[in-house]
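A.B. asks: structure for this input, please:
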Amino acid sequence: MKLLFWKKENDKELIDRWINNRDEEAYNEIYKRYGKKILNFAFNRTKNKSISEETVQHALMMLVKYPKSFKEKNNTLSYLFTIANRYISKEYNTTLNETSIEEEEEENFELGNINILEKVDIDRRIEIIRAIMDELPSEHKQCYYLRRFEEKTPKEIAKIMGKTPVEVQNIIYFTEAKIKKRFLEKYGKLYEK
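C.D. replies: Model prediction:
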(Lines give C-alpha, C1' and ligand atoms only; values in the text may rest on other atoms or scores of the structure.)
Protein backbone atom coordinates (compact mmCIF):
# COMPACT_ATOMS: atom_id res chain seq x y z
CA MET A 1 0.00 0.00 0.00
CA LYS A 2 1.47 3.29 -1.14
CA LEU A 3 0.87 6.40 0.96
CA LEU A 4 0.58 9.74 -0.78
CA PHE A 5 1.63 12.87 0.99
CA TRP A 6 0.34 16.12 -0.42
CA LYS A 7 2.78 18.96 -0.47
CA LYS A 8 1.49 21.87 1.57
CA GLU A 9 1.88 25.09 -0.42
CA ASN A 10 3.97 27.75 1.19
CA ASP A 11 2.69 31.30 1.60
CA LYS A 12 4.58 32.59 -1.42
CA GLU A 13 2.94 30.00 -3.68
CA LEU A 14 -0.50 30.83 -2.31
CA ILE A 15 0.05 34.56 -2.71
CA ASP A 16 1.28 34.02 -6.29
CA ARG A 17 -1.90 32.03 -7.03
CA TRP A 18 -3.98 34.84 -5.52
CA ILE A 19 -2.16 37.59 -7.43
CA ASN A 20 -2.06 35.80 -10.78
CA ASN A 21 -5.47 34.10 -10.79
CA ARG A 22 -7.50 35.66 -7.97
CA ASP A 23 -7.78 32.08 -6.73
CA GLU A 24 -10.17 32.25 -3.77
CA GLU A 25 -8.96 28.87 -2.48
CA ALA A 26 -5.49 30.37 -2.10
CA TYR A 27 -6.92 33.39 -0.27
CA ASN A 28 -9.02 31.13 1.96
CA GLU A 29 -5.96 29.06 2.84
CA ILE A 30 -4.06 32.20 3.91
CA TYR A 31 -7.13 33.16 5.94
CA LYS A 32 -7.30 29.73 7.59
CA ARG A 33 -3.61 29.82 8.44
CA TYR A 34 -3.54 33.30 9.95
CA GLY A 35 -7.06 34.57 10.70
CA LYS A 36 -7.26 33.10 14.20
CA LYS A 37 -3.68 34.15 15.00
CA ILE A 38 -4.47 37.74 14.05
CA LEU A 39 -7.71 37.60 16.04
CA ASN A 40 -5.87 36.37 19.16
CA PHE A 41 -3.15 39.00 18.68
CA ALA A 42 -5.76 41.75 18.33
CA PHE A 43 -7.81 40.55 21.29
CA ASN A 44 -4.72 40.37 23.51
CA ARG A 45 -4.00 44.00 22.67
CA THR A 46 -7.51 45.43 22.85
CA LYS A 47 -9.63 43.07 24.97
CA ASN A 48 -12.39 44.09 22.55
CA LYS A 49 -14.04 41.40 20.41
CA SER A 50 -15.50 43.82 17.88
CA ILE A 51 -12.24 45.65 17.23
CA SER A 52 -10.42 42.30 17.07
CA GLU A 53 -12.79 40.96 14.41
CA GLU A 54 -12.52 44.17 12.42
CA THR A 55 -8.74 43.95 12.68
CA VAL A 56 -8.77 40.49 11.09
CA GLN A 57 -11.02 41.79 8.31
CA HIS A 58 -8.79 44.80 7.74
CA ALA A 59 -5.50 42.88 7.73
CA LEU A 60 -6.72 40.25 5.29
CA MET A 61 -8.51 42.83 3.15
CA MET A 62 -5.08 44.31 2.49
CA LEU A 63 -4.29 41.08 0.63
CA VAL A 64 -7.29 41.84 -1.58
CA LYS A 65 -6.52 45.53 -2.05
CA TYR A 66 -2.72 45.39 -2.25
CA PRO A 67 -1.74 41.81 -3.10
CA LYS A 68 1.63 42.72 -4.62
CA SER A 69 2.81 44.22 -1.33
CA PHE A 70 2.58 40.70 0.15
CA LYS A 71 4.70 39.23 -2.64
CA GLU A 72 7.65 41.34 -1.52
CA LYS A 73 7.51 40.10 2.09
CA ASN A 74 9.44 37.11 3.38
CA ASN A 75 7.14 36.42 6.32
CA THR A 76 3.42 36.69 5.66
CA LEU A 77 2.38 36.35 9.30
CA SER A 78 4.81 39.04 10.39
CA TYR A 79 3.48 41.39 7.72
CA LEU A 80 -0.14 40.66 8.72
CA PHE A 81 0.75 41.38 12.36
CA THR A 82 2.30 44.69 11.30
CA ILE A 83 -0.88 45.64 9.42
CA ALA A 84 -3.03 44.52 12.37
CA ASN A 85 -0.89 46.43 14.85
CA ARG A 86 -1.19 49.67 12.85
CA TYR A 87 -4.95 49.21 12.50
CA ILE A 88 -5.37 48.52 16.20
CA SER A 89 -3.36 51.61 17.11
CA LYS A 90 -5.56 53.73 14.89
CA GLU A 91 -8.87 52.06 15.78
CA TYR A 92 -8.21 51.68 19.48
CA ASN A 93 -7.10 55.27 19.79
CA THR A 94 -10.19 56.33 17.87
CA THR A 95 -12.38 54.37 20.27
CA LEU A 96 -10.62 55.89 23.26
CA ASN A 97 -11.16 59.35 21.80
CA GLU A 98 -14.90 58.56 21.61
CA THR A 99 -15.07 58.82 17.83
CA SER A 100 -17.83 56.55 16.60
CA ILE A 101 -17.30 53.85 13.99
CA GLU A 102 -19.80 55.69 11.79
CA GLU A 103 -17.63 58.83 11.88
CA GLU A 104 -14.58 56.71 11.07
CA GLU A 105 -16.34 55.20 8.07
CA GLU A 106 -17.30 58.68 6.88
CA GLU A 107 -13.68 59.80 7.08
CA ASN A 108 -12.55 56.80 5.03
CA PHE A 109 -15.23 57.10 2.35
CA GLU A 110 -13.97 60.15 0.54
CA LEU A 111 -13.71 60.77 -3.19
CA GLY A 112 -11.01 63.34 -3.78
CA ASN A 113 -11.73 66.23 -1.43
CA ILE A 114 -15.47 65.60 -1.36
CA ASN A 115 -16.99 63.41 1.31
CA ILE A 116 -19.65 61.41 -0.53
CA LEU A 117 -21.56 60.71 2.67
CA GLU A 118 -22.14 64.44 3.14
CA LYS A 119 -23.74 64.58 -0.30
CA VAL A 120 -25.95 61.51 -0.08
CA ASP A 121 -28.59 61.36 2.64
CA ILE A 122 -29.02 58.19 4.64
CA ASP A 123 -32.18 57.03 2.85
CA ARG A 124 -30.51 57.45 -0.52
CA ARG A 125 -27.42 55.52 0.67
CA ILE A 126 -29.57 52.63 1.82
CA GLU A 127 -31.43 52.67 -1.50
CA ILE A 128 -28.12 52.64 -3.42
CA ILE A 129 -26.67 49.81 -1.31
CA ARG A 130 -29.83 47.73 -1.73
CA ALA A 131 -29.73 48.25 -5.52
CA ILE A 132 -26.10 47.12 -5.56
CA MET A 133 -26.94 44.16 -3.31
CA ASP A 134 -29.56 43.04 -5.84
CA GLU A 135 -26.67 42.45 -8.27
CA LEU A 136 -24.90 40.10 -5.83
CA PRO A 137 -25.30 36.32 -5.51
CA SER A 138 -28.04 35.45 -3.01
CA GLU A 139 -25.57 33.86 -0.57
CA HIS A 140 -23.53 37.08 -0.49
CA LYS A 141 -26.65 39.21 0.00
CA GLN A 142 -27.86 37.07 2.88
CA CYS A 143 -24.47 37.06 4.58
CA TYR A 144 -24.01 40.84 4.22
CA TYR A 145 -27.58 41.57 5.35
CA LEU A 146 -27.21 39.41 8.46
CA ARG A 147 -23.89 41.07 9.37
CA ARG A 148 -24.60 44.72 8.62
CA PHE A 149 -28.36 45.09 9.05
CA GLU A 150 -29.11 42.48 11.74
CA GLU A 151 -25.67 42.89 13.36
CA LYS A 152 -25.07 39.16 13.73
CA THR A 153 -21.56 37.89 14.41
CA PRO A 154 -19.76 35.73 11.82
CA LYS A 155 -20.20 32.78 14.19
CA GLU A 156 -23.99 33.30 14.31
CA ILE A 157 -24.17 33.73 10.54
CA ALA A 158 -22.13 30.55 10.05
CA LYS A 159 -24.68 28.57 12.07
CA ILE A 160 -27.58 30.06 10.09
CA MET A 161 -25.96 29.47 6.70
CA GLY A 162 -24.26 26.15 7.42
CA LYS A 163 -20.77 27.54 6.80
CA THR A 164 -17.65 28.06 8.84
CA PRO A 165 -17.01 31.49 10.40
CA VAL A 166 -13.95 31.79 8.12
CA GLU A 167 -16.10 31.28 5.02
CA VAL A 168 -18.59 33.84 6.31
CA GLN A 169 -15.88 36.43 6.94
CA ASN A 170 -14.46 35.85 3.46
CA ILE A 171 -17.88 36.37 1.89
CA ILE A 172 -18.33 39.57 3.90
CA TYR A 173 -14.89 40.89 2.82
CA PHE A 174 -15.53 40.26 -0.85
CA THR A 175 -19.09 41.57 -0.67
CA GLU A 176 -18.07 44.82 1.04
CA ALA A 177 -15.31 45.35 -1.52
CA LYS A 178 -17.77 44.79 -4.37
CA ILE A 179 -20.36 47.13 -2.86
CA LYS A 180 -17.82 49.94 -2.37
CA LYS A 181 -16.44 49.46 -5.88
CA ARG A 182 -19.92 49.44 -7.47
CA PHE A 183 -20.98 52.46 -5.43
CA LEU A 184 -18.06 54.48 -6.72
CA GLU A 185 -18.54 53.20 -10.29
CA LYS A 186 -22.24 54.03 -10.30
CA TYR A 187 -22.46 57.12 -8.15
CA GLY A 188 -18.99 58.50 -7.52
CA LYS A 189 -19.03 60.73 -10.62
CA LEU A 190 -22.15 62.46 -9.39
CA TYR A 191 -20.16 63.96 -6.57
CA GLU A 192 -17.00 65.06 -8.36
CA LYS A 193 -16.33 68.78 -8.63
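A.B. asks: Provide a list of residues in contact with residue 69.
C.D. replies: Taking Cβ atoms under 8 Å, 6 or more residues apart in numbering as the contact definition, residue 69 lies against 62, 79. No exception for glycine: its C-beta is placed from N, CA and C like everyone else's.
A.B. asks: do you know how far it is from residue 45?
C.D. replies: To residue 45, residue 69 is 22 Å away according to Cβ to Cβ, to the nearest Å.
A.B. asks: this structure: strands as residue ranges?
C.D. replies: Along the chain, counting by DSSP state E, strands occupy 110-111, 114-115.
A.B. asks: and the helices in the chain?
C.D. replies: Under the criterion DSSP state H, helices of the chain are mapped to 11-21, 24-46, 49-65, 67-71, 76-96, 101-108, 116-119, 122-133, 138-148, 154-161, 165-187.
A.B. asks: with mean pLDDT added, can I get those in CSV?
C.D. replies: Converted to CSV, those look like this (pLDDT from 0 to 100):
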stretch, mean pLDDT
helix 11-21, 86
helix 24-46, 87
helix 49-65, 86
helix 67-71, 81
helix 76-96, 77
helix 101-108, 43
helix 116-119, 49
helix 122-133, 72
helix 138-148, 83
helix 154-161, 88
helix 165-187, 82
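A.B. asks: quick revisit: weakest of the strands of the chain by average pLDDT?
C.D. replies: Note on the strands of the chain: strand 110-111 shows the lowest mean pLDDT, a mean of 42.
A.B. asks: need the nearest residue in space to residue 145, chain neighbours excluded.
C.D. replies: Spatial nearest neighbour of residue 145, excluding adjacent residues (Cβ to Cβ, 6 or more residues apart in numbering): residue 133 at 7.4 Å.
A.B. asks: verify the contact between the one you found and residue 144 for me.
C.D. replies: Yes: the pair residue 133 / residue 144 is scored as a contact, 6.6 Å apart, by Cβ atoms under 8 Å.
A.B. asks: find the residues that touch each one of these two.
C.D. replies: Residues touching both residue 133 and residue 144 (Cβ under 8 Å, 6+ apart) are residue 179.
A.B. asks: contacting residues for the closest residue to residue 160 other than its chain neighbours?
C.D. replies: Spatial nearest neighbour of residue 160, excluding adjacent residues (Cβ to Cβ, 6+ apart): residue 146 at 6.6 Å. Residues near residue 146 by Cβ under 8 Å, 6+ apart: 152, 156, 157, 160, 161.
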